[in-house]
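Peer 1: All I have is the shape, not the residue letters:
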């Protein structure tokens, strides 16, 4: 009769399999978090423009000021980066 707690090959190699599974998954980098934060800021700003006709970025930094233009450019760059990231993720899944 076989013992119920007999070690198997599968059990001995379980930590190695877990490590290899983690290598395949990609963690978000700092630039991913920055891009996500900028996209959230831009999305909320556009929601405020659409709902209440209030541009929060222009209100805080001045309409057409260099600071507000910089924020708009950074939001646009983060959108382009997110498009590139999504395309890259799509290629890896197939």
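Peer 2: Yes, it's here. None of the values given here were measured: they were computed from a predicted structure. Numbering: from 1, shown residues only.
Peer 1: where does residue 27 land in three-state SS?
Peer 2: Following DSSP: H, G, I helix; E, B strand; the rest coil, residue 27 is assigned to coil.
Peer 1: mind listing what it touches?
Peer 2: Listed by CB atoms under 8 Å, 6 or more residues apart in numbering, the contact set of residue 27 is empty. All C-beta spots, glycine's among them, are computed from the backbone N, C-alpha and C.
Peer 1: so what's residue 54 scoring on pLDDT?
Peer 2: Per-residue confidence (pLDDT) for residue 54: 97.
Peer 1: Give the full set of residues in contact with it.
Peer 2: Residues in contact with residue 54, defined by CB under 8 Å, 6+ apart, are residue 48.
Peer 1: Poorly predicted segments of the protein, please.
Peer 2: 1-26, 94 (pLDDT under 70).
Peer 1: can you give me the helices for it?
Peer 2: Per DSSP state H, the chain carries helices over the ranges 9-12, 14-24, 30-52, 56-61, 66-93.
Peer 1: Can I get the ones you listed in a markdown table including mean neighbour count?
Peer 2: Formatted as a markdown table, the helices of the chain follow (neighbours: other CB atoms under 10 Å):
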| stretch | mean neighbour count |
| --- | --- |
| helix 9-12 | 8 |
| helix 14-24 | 9 |
| helix 30-52 | 13 |
| helix 56-61 | 16 |
| helix 66-93 | 13 |
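Peer 1: For residue 61, see how far away the most centrally placed residue in the chain is.
Peer 2: Nearest residue to the geometric centre of the chain (CA atoms, centre = their mean): residue 32, 4.6 Å. From residue 32 over to residue 61 the distance is 25 Å, taken as CB to CB, to the nearest Å.
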